[in-house]
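K.L.:
Okay, here's the prediction I keep looking at, along with the sequence it came from:
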Amino acid sequence: MTHRFGTLAIHAGQEPDPTTGAIMTPIYQTSTYAQESPGVIKGPYDYSRSANPTRTALEANLAALEGGRFGLAFASGLSAFDCVLHTLNAGDHVVLCDDVYGGSFRILDKVYKQMGLGYTRVDMTDAAAVRGAMTAATRLVWIETPTNPLLKIVDIAAVVREVRAGGTPARQAVVGVDNTFASPYLQNPLSLGADVVHHSSTKYLGGHSDVVGGALVTSDEGLHARLKFLQNAVGAVPSPHDCFLLLRSTKTLHVRMERHCENAMKVARFLAEHPRVGRVSYPGLASHPQHAVARRQMRGFGGMVTMVLRGGLDDARRFLERVRVFSLAESLGGVESLIEHPAIMTHASVPADARAALGISDGLVRLSVGIEDAEDLIEDLRRALV
Ligand SMILES: *Cc1c(COP(=O)(O)O)cnc(C)c1O
C-alpha cells in the first residue's frame, strides 16, 4: 500500500522497537555491535560509520519523502555534495547554476578545481543554455531551484531533456538537484527525471535550527552503491542523536511547509504593496518571471522571500536593526523567521562585480519566513519599514 506524504513523513522507515515497543526509533548511541561469531553480524551493523539503526531509519524516511529507493544521510549538506563530487575523476566537467549556493561553489572552486575538475556556471532558467555549457567531459549537471538568494526557478524536467539530448558521453551525465529550498514536500526532482536529490537537512528538513546535516536520495542502484561506498570510505556521517532529531523533524515537515508557504505568500503580498520596497521576488507571485514553471513543478511556493529595499546600504542596515520578531541571522528553513542581507552576510565572499551581475544589490534582503502568526510578522516588517 502506498501512502501519502504526511503518513510517510510520520511512519516511513520506522516501526515500534521490536524489543520494547518504543514508538520512537531509539537513539542507538553505539559505535560498534557485538558479533555472535567472527564476521556474523546482525543485518548491516558492524560499525557505526558503516551503519547505525537510527541512521537507517532516517535514510529510509528521507528516501520515501523524495519518492526514491535509497537515502543516505551525512554530517552536513556540504559533505553530501562532496560525496557526489567524489564520484567524479580528474578531467571531468561540472555544469552548475550561476547563483548556486556559495558553499557548493566554494568546494568546486577551491577544493576540486585543484584536483583537476572543471566547471561552468550558467543561468539555468534558460534550459537550452545548459546544453550549450556542456562539453564531452561533462559528467555532472547540478541544479538548484529555487535559487539563493534570488529565488529563480529552474525547470528541472526541461534541463533533464536538454542533458539527455546532448552528444554522448555527456548525455549520460548525472543530473543532481539541490532541493534544500523547496524541501521534499514541495518538489520531488526524481519524478522529474533527476538522478540524485541533495538536501542540506540543516534547513527545512531539520526545521528547528538545531541540527547541521545533509542527505542524498536516488533510485539508481549503481549510483547508490557508489555513493554508499563513498559515504563509508570518506566517513562524513551524522551522529545517532542528530539522526533522531531529524526523524523527529520530518514528522511535521508537511505541516510546517504548509504554514511556511501560507505565511510567505502573505508577507510577499504585503511587501509588494509597500512604497519602500522596490521589487519582491517570490515564486508564488504572478510577477515572478518563472511563476508558471513554479506552479507546474512545485506543490507550493516555499517560505523564502527576497526583496529590494529602496535607498542604499544605510537604509537596509537601519531596517535590519529595527526588526524584532525576525532575527538577523544566516541560514533558513526553521520555524522562526530570519532575515539577512546577502551582500554583507551570506554572499560577502562573492566579489562585488559578480554580485552585481547576479542581481545581489546593496538593497537586497532575504527573508526566511517562519511559522509564527503572519499578522505579527507583517506588523514587525511594517514597523521596521518606516
Ligand atoms: C545550507 C545549504 C547548503 C549547505 O549545507 P550545510 O548543511 O550548511 O553544509 C547547500 N545548499 C543549499 C541550498 C543550502 O541552503
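P.N.:
Thanks, I have the structure now.
K.L.:
tell me the contacts of residue 289?
P.N.:
125, 152 (Cβ atoms under 8 Å, 6 or more residues apart in numbering). Heads up, the C-betas are built off the backbone N, CA and C, glycines and all.
K.L.:
Please read the previous query as pertaining to residue 231.
P.N.:
Neighbour list for residue 231: 72, 74, 83, 237 [criterion: Cβ under 8 Å, 6+ apart].
K.L.:
out of these, who's nearest the ligand?
P.N.:
Distance to the ligand, by Cβ to the nearest ligand atom, is smallest for residue 74 among these, at 8.5 Å.
K.L.:
That closest one: what's it in contact with?
P.N.:
For residue 74, the contacting residues are 80, 83, 213, 214, 215, 216, 231, 236, 237, 238, by Cβ under 8 Å, 6+ apart.
K.L.:
Kindly recompute the last result at 7 Å.
P.N.:
Under the criterion of Cβ atoms under 7 Å, 6 or more residues apart in numbering, the neighbours of residue 74 are 80, 83, 213, 214, 215, 231, 236, 237, 238.
K.L.:
Would you reformat the contacts of residue 231 as JSON lines and include pLDDT, secondary structure and distance to residue 29?
P.N.:
Listed next are the contacts of residue 231 as JSON lines, based on pLDDT from 0 to 100; DSSP: H, G, I helix; E, B strand; the rest coil; distance: Cβ to Cβ, whole Å:
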{"residue": "72", "pLDDT": "98", "secondary structure": "strand", "distance to residue 29": "20"}
{"residue": "74", "pLDDT": "98", "secondary structure": "strand", "distance to residue 29": "19"}
{"residue": "83", "pLDDT": "98", "secondary structure": "helix", "distance to residue 29": "24"}
{"residue": "237", "pLDDT": "98", "secondary structure": "coil", "distance to residue 29": "14"}
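K.L.:
out of these, what pair is the most spread apart?
P.N.:
Spatial extent of these (Cβ to Cβ) is set by the pair 83 and 237 at 10.5 Å.
K.L.:
Please identify, among the contacts of residue 231, the one with the most neighbours.
P.N.:
Within those, most neighbours by other Cβ atoms under 10 Å means residue 74, with 28 neighbours.
K.L.:
How many residues are close by the residue of the stretch 1-150 of the chain found nearest the ligand?
P.N.:
Per Cβ to the nearest ligand atom, residue 77 is where the stretch 1-150 of the chain lies closest to the ligand, at 2.2 Å. By the other Cβ under 10 Å criterion, the neighbourhood of residue 77 contains 24 residues.
K.L.:
Tell me the spacing between it and residue 231.
P.N.:
Separation of residue 77 from residue 231 (Cβ to Cβ, to the nearest Å): 14 Å.
K.L.:
now do residue 105
P.N.:
In this view, residue 105 and residue 231 are 23 Å apart by Cβ to Cβ.
K.L.:
Assign a three-state SS to residue 73, would you?
P.N.:
When classified by DSSP: H, G, I helix; E, B strand; the rest coil, residue 73 comes out as strand.
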